[in-house]
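**Student:** sequence-free structure coming up:
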């Protein structure tokens, strides 16, 4: 069996095993598994409103997955997507609130501000990795908390002195779409899905069709060989983190300019950045795989909200299924081993 086919089968088998084990847990816990999954489907796609909300949830998942995957593909582990998303969210809303500009200028400016903020936040661990060999995992984890508390401080003291949230952004900076709202019974689906899909193409083009992308991947595979070949290893490490952070910042813009239209003081992390790690893993760090993984995770997250109402099944069971899927993806070596044994038996 070819390695390409194995790469396709492993995430599919991981999803099936995760759903299977989740079903067994549901039955053991005394719940009706069939009713639970029917409620899950209805909550994600049963009505046009739920479909719109599912697409709205998929949008930041795609961008967060791209952020994690881009770093993975270039030999880096960006655990700081959550923090980069938060600073991107704040930057987009700040521009959306502070300026009064025509939409053709205001909206792109707010989106670019989010990308720039995320890129800057990722530049810090990239620079420390390139210059001082400080491991990016440690720095990005710490910067997640730094981002959370700094943005809360700015919202509390600069953008909203008497409230726990900023003003709503100007209409000229909003990603909201009356067209999508009319199609989906006034869900919060917005134009961000178009931006996310454009970014999927951008990631593919950079990594697969440019010299710079080849250098980024080469540095990720072997820094010493890349340096010997004349590539600027330090610059490529920083550039990889900056591009990854830009994708994460754009995920924040989707929330600030599309879903909510404001930024608020947060008691904890949004979780989207961390879910992006699971999306990237399930999608095998490939652009198309990330889109498919984001569709799965977005559908599970939105559909789960309907399970307690329609079937009396706790929506936490969906979190268990997601965790199991990630577990089986992480156990891909075992799945590949089983596939090889079955393929050998088939040949005999």
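**Tutor:** Now that the structure is in, tell me what you want to look at. Being a predicted model, the structure only gives us computed values, none of them experimental. Residues are numbered from 1 along each chain as shown.
**Student:** contacts and neighbour counts: CA atoms only from here.
**Tutor:** Will do.
**Student:** the residue most central in space within the chain and residue 74, how far apart?
**Tutor:** When the chain is reduced to its mean C-alpha position, the nearest residue by CA atoms, centre = their mean turns out to be residue 64, at 2.2 Å. Here the criterion is CA to CA, to the nearest Å. By it, residue 64 lies 16 Å from residue 74.
**Student:** how much space separates the residue nearest to the centre of the chain from residue 252?
**Tutor:** Here the distance between residue 64 and residue 252 works out to 9 Å (CA to CA).
**Student:** overlap of the contact sets of the two?
**Tutor:** Residues touching both residue 64 and residue 252 by CA atoms under 8 Å, 6 or more residues apart in numbering: residue 85.
**Student:** show me how far the helix or strand of the chain with the lowest mean pLDDT is from its chain's centre.
**Tutor:** Within the chain, no helix or strand scores below helix 332-347, which has a mean of 73 by mean pLDDT, DSSP states H and E. When C-alpha coordinates are averaged (CA atoms, centre = their mean, to the nearest Å), helix 332-347 and its chain have centres 31 Å apart.
**Student:** and what of stretch 62-81?
**Tutor:** Worked out by CA atoms, centre = their mean, stretch 62-81 lies 9 Å from the chain centre.
**Student:** quick one: end-to-end length of that stretch, please.
**Tutor:** Note: stretch 62-81 ends 12 Å apart using CA to CA.
**Student:** what number of residues lie near the nearest residue to residue 73 once chain neighbours are set aside?
**Tutor:** Of all residues beyond its chain neighbours, the one nearest residue 73 is residue 217 (6.2 Å), with distances taken as CA to CA, 6 or more residues apart in numbering. Here the number of neighbours of residue 217 (other CA atoms under 10 Å) works out to 22.
**Student:** residue 217 reaches residue 75, doesn't it?
**Tutor:** Yes - at 7.2 Å, residue 217 counts as touching residue 75 under the criterion of CA atoms under 8 Å.
**Student:** ok so, going back, packing partners of the one helix or strand the residue nearest to residue 73 maps to?
**Tutor:** In this structure, residue 217 is located in helix 211-221 according to DSSP states H and E. Contacts defined by 3 or more CA pairs under 8 Å, 6 or more residues apart in numbering; DSSP states H and E place helix 211-221 against helix 192-209, helix 223-228, helix 233-253.
**Student:** and stretch 264-284, end to end?
**Tutor:** With CA to CA applied, stretch 264-284 spans 33 Å between its terminal residues.
**Student:** now do stretch 168-175
**Tutor:** Using CA to CA, the span of stretch 168-175 from its first residue to its last is 13 Å.
**Student:** what's in contact with that stretch?
**Tutor:** Stretch 168-175 is touched from outside by 93, 96-97, 100-104, 106-108, 110, 190-192, 254, 257-258, 261-262, with contacts defined as CA under 8 Å, 6+ apart.
**Student:** show the buried residues in the residues you listed.
**Tutor:** Neighbour counting over those (16 or more other CA atoms under 10 Å) leaves 93, 96-97, 106-107, 110, 190-192, 254, 257-258, 261-262 as the buried ones.
**Student:** so who does residue 69 touch?
**Tutor:** 277, 280, 281, 285, 286.
**Student:** now the angle from the helix or strand containing it to helix 211-221?
**Tutor:** Under the criterion DSSP H and E, the helix or strand holding residue 69 is helix 48-73. Compare the direction of helix 48-73 with that of helix 211-221 by axes from the mean of the first three to the mean of the last three CA atoms, to 10 degrees and you get 70 degrees.
**Student:** any idea of the mean pLDDT in helix 48-73?
**Tutor:** Looking at helix 48-73 alone, the average pLDDT works out to 97.
**Student:** also stretch 188-200?
**Tutor:** Stretch 188-200 carries an average pLDDT of 97.
**Student:** who touches it?
**Tutor:** So stretch 188-200 is contacted by 52-53, 55-56, 58-60, 62-63, 66, 175-177, 180-181, 247, 254, 258-259, 287-288, 291 (CA under 8 Å, 6+ apart).
**Student:** using a markdown table, lay out the contacts of residue 69 together with pLDDT, neighbour count and secondary structure.
**Tutor:** Supplementary listing: those in a markdown table, determined by pLDDT from 0 to 100; neighbours: other CA atoms under 10 Å; DSSP: H, G, I helix; E, B strand; the rest coil:
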| residue | pLDDT | neighbour count | secondary structure |
| --- | --- | --- | --- |
| 277 | 94 | 26 | helix |
| 280 | 95 | 27 | helix |
| 281 | 92 | 23 | helix |
| 285 | 93 | 21 | coil |
| 286 | 94 | 20 | coil |
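**Student:** coming back round to it: looking at the helices and strands packed on helix 211-221, which is buried most?
**Tutor:** Comparing the helices and strands packed on helix 211-221 on average neighbours per residue, with mean count of other CA atoms under 10 Å, the densest one is helix 233-253 at a mean of 29.
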